[in-house]
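K.L.:
How does the following fold in three dimensions:
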Amino acid sequence: MTLADVKIGDKFTILSIENKDISAQAYRLGISEGANIYCLEKIPKGPVIVKRSLQEIAIGRNLAKKIIIKMNKEV
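P.N.:
Presented below is the predicted three-dimensional model:
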């Protein structure tokens, strides 16, 4: 599953990022492997807006399709 597949309210962990260039770009946005993130908003045909700690980040769909995630179960 990729970041582009999440729905509003989903909580997930970043498992991997496809290549080094994309990984570096995501890292600059505060997204790295192992990060626990929450989907705040999903704009139709636009970016996925995620929240990590107190930071909100808009990630374009093309980048989101290259970020592999694992859904977190609610406790």
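
K.L.:
Tell me, how many residues neighbour the closest residue to I59 other than its chain neighbours?
P.N.:
In space, and not counting its chain neighbours, I59 is closest to V48: 5.1 Å by C-beta to C-beta, 6 or more residues apart in numbering. Every C-beta, even on glycine, is put in place using the N, C-alpha and C of the backbone. A count of nearby residues for V48, using other C-beta atoms under 10 Å, gives 26.

K.L.:
give me the beta-bridge partners of V48?
P.N.:
For V48, the beta-bridge partners are K42, I59 (DSSP bridges).

K.L.:
correct me, but it touches I37?
P.N.:
No. V48 lies out of contact with I37 (C-beta atoms under 8 Å); the separation is 9.9 Å.

K.L.:
okay, the helix or strand containing S23 in PDB with CA atoms only?
P.N.:
Following DSSP states H and E, one finds S23 within helix 20-28. Provided in PDB are the C-alpha atoms of helix 20-28 (Å, rounded to 0.1, in the frame of the first residue of the first chain):
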ATOM      1  CA  LYS A  20      17.300   7.800  -2.900                       C
ATOM      2  CA  ASP A  21      16.200  11.000  -4.600                       C
ATOM      3  CA  ILE A  22      12.600  10.600  -3.400                       C
ATOM      4  CA  SER A  23      13.800   9.500   0.000                       C
ATOM      5  CA  ALA A  24      15.900  12.700   0.300                       C
ATOM      6  CA  GLN A  25      13.000  14.800  -0.800                       C
ATOM      7  CA  ALA A  26      10.700  13.200   1.700                       C
ATOM      8  CA  TYR A  27      13.300  13.500   4.500                       C
ATOM      9  CA  ARG A  28      13.400  17.200   3.900                       C
END
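
K.L.:
Give me the buried stretch members for that helix, please.
P.N.:
23, 25-26 (16 or more other C-beta atoms under 10 Å).

K.L.:
try stretch 60-75
P.N.:
63-67, 69.

K.L.:
Any chance you could list what contacts the least confident helix or strand in the chain by mean pLDDT?
P.N.:
Lowest on mean pLDDT, DSSP states H and E among the helices and strands of the chain sits helix 20-28, with a mean of 84. Among residues not part of helix 20-28, those counted as contacts by C-beta atoms under 8 Å, 6 or more residues apart in numbering are 14, 17, 32-33, 59, 63, 66-67.
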